[in-house]
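[1] Here is my input; please provide its structure:
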Amino acid sequence: MFELFITMLERLGIIVTIAFILTRFQFFRDMIYKENVKKDLQLKAILFFGFFGIIGTYTGLSLNAETFNIDRWASNLTSEEAIANSRVIGVVLAGLFGGYKVGLGAGLIAGIHRFTLGGFTAFSCGLATIISGLIAGYFHKKKDHVKLSSAFFIGATAEAVQMLLILLLSRPFEKAVSLVEVIGVPMIIANGVGSALFLLIIKNVVNEEEKAGALQAQKSLRIADQTLSHLRKGMTQVSTNAVCTILLREIHAKAVAITNKHVILAHVGSGDDHHRVDHPIQTEITKEVINNGKLIVVGNEEIQCQNEHCPLGAAVIAPLKQRGQIIGTLKVYFTSEKEVTNLEIELISGLSVLLSNQLEIAEADKAFQLAKEAEIKALQAQISPHFLFNTLNTIVSLVRIDADKARKLLITLSQFLRQNLNATTANRITLEQDILHMKAYLMIEQTRFENRIQVDYYIENEVLNSKIPPLTLQPIVENAIKHAFKQMNKNCMIKAQIKQMNNEVAISIKDNGLGIDHDRLKQIGKEPIASKIGTGLGLYNVNRRLIMTFGENARLHINSEENNGTEITFNIPMGEKNEDKD
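    Numbers count the residues shown, from 1 in each chain. I've put the predicted structure just below:
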């Protein structure tokens, strides 16, 4: 019995091999992870596991029930012979992974094959194989992974059922009893261990690959976080040198270089004594990547380094793109081609895309800064991208839950943007137009911060035809929302009062926000302020344009107390009365 047990354990090496091979098949991975297995996938699994069961039969040991002589390979059996085998392992795993249909199908294939081999246990063993598939299918769980303990228990149970059927169905009974006494315990334990071992191999291989993928993703995110601040400055020698240093630290390589279309911008690592910055690109392979935009893996001969003692024997060269155009290359060097694994190639390919995207961001940032520095009519050209993006995100969110509200907000945003564009050409607009622009902005903010901001308007119709510089009111209320309410989550109040006072229009914008400290209050509106909490440029531009348009009498007056709100007032000349308004 002990010799039989050891021999069967030795045969489990075949199980290990097949388990490893299984992990290479996509259909098997899908069967492990997908909740619903399609028919074509079930058919593949039935055929594979059925064939696996047949292998388990052929790799078993034929045993003469009278002499107990063992033949190490099973083939056609005489009436006195039976097989000590690992057939049920494949059938059990089929049922556990694919359910009763897959288990039954694999059991039928392996069971019918066993019946054709003959021997006095042919019928009982064939039937037991089919039942094993059904038993394993009963324990199949769609929403849970198979446990090692379950695989051992079910594999051992299936084999125990086979021993029971041999006793019940195989004749002569005395021969069946003698056979079970010899092979029963070894087969029950060996097939239980084999089922668990099969599952362990599969789980380890798949988990290792998933772990490697997760580590690569983590590494990519870490690189992205570290390199973004450098590449936002563009592809300069300083920024690319910093990026190459980061990449060399994160990748197991000998050196990392970045080029533009003509020269080497940075080279960090081995070979930096002759791979020098500002030297022209000399290798044809790098020029080929720049021309066709495809990643290339090269060996020592293709690198064509002119230094015969160069330690760099292989390289992965990937293109860097901006606006779809090749602007340079990322070159990662290794000692030899043996070090260039598929995992490294995938990582470098992903990094080239990552760096290209960061360069796109850098260009966008640069364009934004140029537009900002141009200061097209100062305040008129100012519209916060942050405000725009947040508003668009709000609209996207509302589309799903309140389409009508989303439509209204989109119309309001279009009116707001149209007024910003019109303001770049007009010197003055009616007070009514500027009020509508202010209201559009406040409506957007009220929608974004629902139940947080309340606005009260007191506006006399008689003043609406008065003329005012464009974008005068909106920056004042924006200042309140951005600064006065930044630490308030509710009960934020803005009161806009516009009325006639003698021959002037008196305008007051009041909030109940944080207020302004005494020292800062002296500067606001008079000059831009260098500060972490804001520059005051919006109010400065409003004040400057009011004075330039109407004189000193139109200057902003700011009254504020810390933690007690702020009121901004100013007066403009009265225009024609609006007779159409009630």
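[2] And the lowest mean pLDDT element among the helices and strands of the protein?
    strand 70-71 (a mean of 64; mean pLDDT, DSSP states H and E).
[3] how distant is the helix or strand just after that one from the center of its chain?
    Toward the C-terminal end, the helix or strand that comes next after strand 70-71 (DSSP states H and E) is strand 81-84. Relative to its parent chain, strand 81-84 has a centroid offset of 54 Å by CA atoms, centre = their mean, to the nearest Å.
[4] same thing with stretch 339-346?
    That offset, for stretch 339-346, works out to 21 Å (CA atoms, centre = their mean).
[5] what does it contact?
    Counting contacts by CB atoms under 8 Å, 6 or more residues apart in numbering, the residues outside stretch 339-346 that touch it are 212, 216, 251-253, 295, 297, 314, 316, 332, 334. Just so you know, the C-beta spots here come from the backbone N, C-alpha and C atoms, and that holds for glycine as well.
[6] redo that, cut-off 7 Å
    212, 216, 297, 314, 316, 334 (CB atoms under 7 Å, 6 or more residues apart in numbering).
[7] Mark which of those are buried, thanks.
    Neighbour counting over the contacts of stretch 339-346 (16 or more other CB atoms under 10 Å) leaves 297, 314, 316, 334 as the buried ones.
[8] quick one: which of those residues sit in strands?
    Per DSSP state E, strands hold the following members of those: 297, 314, 316, 334.
[9] average model confidence for the longest helix seen in the chain?
    Ranked by number of residues, the top helix in the chain under DSSP state H is helix 173-231. In this model, helix 173-231 has a mean pLDDT of 81.
[10] Run the chain-centre distance for that helix.
    Worked out by CA atoms, centre = their mean, helix 173-231 lies 26 Å from the chain centre.
[11] nearest to N451, of the buried ones among the contacts of stretch 339-346?
    V316 (54.9 Å; CB to CB).
[12] Wait, that closest one touches V332, no?
    Yes: with contact defined as CB atoms under 7 Å, V316 and V332 form a contacting pair (4.8 Å).
[13] overlap in contacts of the two?
    I348.
[14] Show me what the longest helix of the chain is packed up against.
    In terms of contacts (3 or more CB pairs under 7 Å, 6 or more residues apart in numbering; DSSP states H and E), helix 173-231 is packed against helix 2-22, strand 81-84, helix 87-98, helix 148-169, helix 237-250, helix 342-374.
[15] In the stretch 251-400 of the chain, where is pLDDT below threshold?
    Scanning the stretch 251-400 of the chain with the threshold set as pLDDT under 70 gives 365-387.
[16] Would you mind listing the residues in contact with S79?
    Contacts of S79 (CB under 7 Å, 6+ apart): 119-120.
[17] rerun that using 10 Å as the cut-off
    Neighbouring residues of S79 by CB atoms under 10 Å, 6 or more residues apart in numbering: 65, 118-120, 122, 175.
[18] got it, and H275?
    255, 257, 264, 266-269, 282, 305, 307, 310, 312, 331, 333.
[19] In which helix or strand does I326 reside?
    strand 325-334.
[20] should've said I285
    Per DSSP H and E: helix 284-292 holds I285.
[21] How far away from the center of its chain is that helix?
    The answer for helix 284-292 is 31 Å, by CA atoms, centre = their mean.
[22] same question, stretch 554-573
    The answer for stretch 554-573 is 48 Å, by CA atoms, centre = their mean.
[23] Same check on stretch 131-149?
    That offset, for stretch 131-149, works out to 33 Å (CA atoms, centre = their mean).
[24] can you pull out the strands in the stretch 401-550 of the chain?
    429-430, 453-459, 467-468, 492-501, 504-511 (DSSP state E, counting those that start in this stretch).
[25] Run through the neighbouring helices and strands of the last one.
    I take that to be strand 504-511. helix 431-448, strand 453-459, strand 467-468, helix 473-479, strand 492-501, strand 557-560, strand 566-573 (3 or more CB pairs under 10 Å, 6 or more residues apart in numbering; DSSP states H and E).
[26] go with 7 Å
    Strand 504-511 packs on strand 492-501, strand 566-573, going by 3+ CB pairs under 7 Å, 6+ apart.
[27] Now do the first one and strand 504-511, the angle between them.
    Between strand 492-501 and strand 504-511, the angle formed by their directions is 170 degrees, by axes from the mean of the first three to the mean of the last three CA atoms, to 10 degrees.
[28] Centre-most residue in this protein?
    The centroid of the chain falls nearest to A217 when counting by CA atoms, centre = their mean (8.7 Å).
[29] how much space between that residue and L343?
    Distance of A217 to L343, computed by CB to CB, to the nearest Å: 12 Å.
[30] circling back: any idea which of the strands of the stretch 401-550 of the chain gets closest to L398?
    Counting by CB to CB, L398 lies closest to strand 453-459 out of the strands of the stretch 401-550 of the chain; the figure is 16.8 Å.
[31] Give the rounded mean pLDDT of the closest one.
    Per-residue pLDDT over strand 453-459 has a mean of 92.
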